[in-house]
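>>> Just need the structure, nothing else, for what follows:
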Amino acid sequence: MFNKFSYLIFISIIFTSCSSEYKNINECKSLGTLELICGLQNPEDFAGIPHSNSVVVSQFAGLPELNEGRVLVGKLSKLNLETHEITDYQIEFLENNNIGIGDQTCEPYKEFYPHGIDIYEDLKIRGDNLSPFLEEASLLAVVNHQKKSSIEFFLIFPDFVNFSNQDKPTLFWVGCTEAPKVTTYFNDVVISDKNGSFYATHQYDKDLGFYRLFFLNIFKLNTGHVYRWNSKDGYSIVPNSQGTWPNGIDMIDDDLYVNYRGNGKITKFSSNTSKDLILRTYLNGGPDNVTAVGDELWIGGQNTDLGGLSCIPEDVIQCSMPFFIIRADRDLNILEEYNFKDVAYGGASVAYPFEDKIFIGAYKSDRIAIFKR
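Here you go, the predicted model:
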């Protein structure tokens, strides 16, 4: 078994022999290929807001390994896909509510470190003395990297619902569920029913350490799995969901789609069966987030494994790794594929279509990119 010194020698040899020569793209200035929206912090994930031409943007706190060991605080913002205007959400806590979402013993968070997000539309909250506006609410789930990771739940409303006492876009916190272990590192979440049941990717154990994780990733060894949670049974592991770096997750009807960043594949779990689509081969990168839009899947990811090492220094504001965007149908047939390098963007983690444009986010970036199909 390698010790820490051996890991350092191993990584140094690989990094030296495979160092990237990508352009320095720290300056948020278009090179002509992509339109840019600047001034963000790691816009890692998007979730479409029902009945609105807007998405929620998770401004990711970032991995400590990419911030000299520091953990940044993140936030949620609203991106208008027509005007490209970005507005930060304010949060209002609705404690002791009778909505029944999440684990009823879970306490409101003290600090917010958002990562993967998802919105469930058909919530249909009803009850005594509830506002009629709740009939328009959808449920937003957010991975929060507190000391013990959690899934936070918020009510979110479409653009046409306005509250007289709110002058900014507002999310209403209604509950949460803590991770099963302190070492659990959630990456992404998808809500599976109107009761707030969900699936979440457990990417790795937080106590593994960067060097061992790097080793496991390079050799495609299992680092995590997918959790299922509901209020009756709590957590369970989805059978056969183990893999290297389980990452993005989403659903179309009852079909579950999971991206495995290290394995370079997306897997469809359906009716106790699974189907794999290999998107990238050994060391050629892999898929990050998967986003279901209608009956199609939009996948963003990176086109290299080793190139990501160049993104670790804190002074790298915008990771320059080459990346891909894929559109696939629900049976994992690829319909479109776009590949980019040496543009004013890199390290893409998520893609979202709107009209003739594709909006792109990344896990280490100060910008969102837009390109025309």
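>>> Kindly provide the distance from residue 367 to residue 318.
Using CB to CB, to the nearest Å, residue 367 is found at 7 Å from residue 318. Backbone N, C-alpha and C define where each C-beta goes, glycine included.
>>> any common contacting residues for the two?
Listed contacts common to residue 367 and residue 318 are 28, 344, 345; contacts here mean CB atoms under 8 Å, 6 or more residues apart in numbering.
>>> Now do residue 25: how many residues are near it, please.
A count of neighbours around residue 25, defined by other CB atoms under 10 Å, yields 20.
>>> give the contact list for it.
With CB under 8 Å, 6+ apart, residue 25 has these contacts: 31, 318, 320, 343, 344, 345, 346.
>>> thinking again about what came up before, and of the shared contacts of residue 367 and residue 318, the nearest to residue 292?
Distance ranking of the shared contacts of residue 367 and residue 318 against residue 292, using CB to CB, places residue 345 first at 23.4 Å.
>>> partner residues bridging the closest one?
Beta-bridge pairing of residue 345 under DSSP bridges involves residue 343.
>>> Over to residue 237?
Using DSSP bridges, the beta-bridge partners of residue 237 come out as residue 227.
>>> please renumber so the chain begins at 37
Yep, numbering from 37; the last one is residue 273 now.
>>> In terms of pLDDT, where does it sit?
The predicted structure scores residue 273 at 97 on the pLDDT scale.
>>> so who does residue 355 touch?
Applying CB under 8 Å, 6+ apart, one finds that residue 355 lies in contact with 344, 346, 347, 382, 383, 398, 399, 400, 401.
>>> And residue 148, by the same measure?
With contacts defined as CB under 8 Å, 6+ apart, residue 148 is in contact with 109, 110, 111, 127, 180, 188.
>>> Over to residue 172?
193, 194, 197.
>>> What count of nearby residues applies to the closest residue to the second one other than its chain neighbours?
To tie it back to what came earlier, the one meant is residue 194. Excluding its sequence neighbours, the residue lying closest to residue 194 (CB to CB, 6 or more residues apart in numbering) is residue 87, at 4.0 Å. Residues contacting residue 87 under the criterion other CB under 10 Å number 14.
>>> Angles on the backbone of residue 87, please.
phi 60, psi 30 (degrees, to the nearest 10).
>>> Would you agree it is in contact with residue 197?
No. Residue 87 sits out of contact with residue 197 when judged by CB atoms under 8 Å, with a separation of 9.2 Å.
>>> any shared contact partners between the two?
With contacts defined as CB under 8 Å, 6+ apart, no residue is adjacent to both residue 87 and residue 197.
>>> thinking again about what came up before, filter the contacts of residue 148 down to the buried ones, ChimeraX style.
Command for ChimeraX, covering only those of the contacts of residue 148 found buried under the criterion 16 or more other CB atoms under 10 Å:
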select :110,111,180,188
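>>> Please name the bridge partners of the residue lying closest to residue 156 once chain neighbours are set aside.
Closest residue in space to residue 156, ignoring its immediate chain neighbours: residue 227 at 3.7 Å, by CB to CB, 6+ apart. The bridge-partner assignment for residue 227, based on DSSP bridges, gives residue 234.
>>> Pull up the per-residue confidence for residue 227.
With respect to pLDDT, residue 227 has a value of 98.
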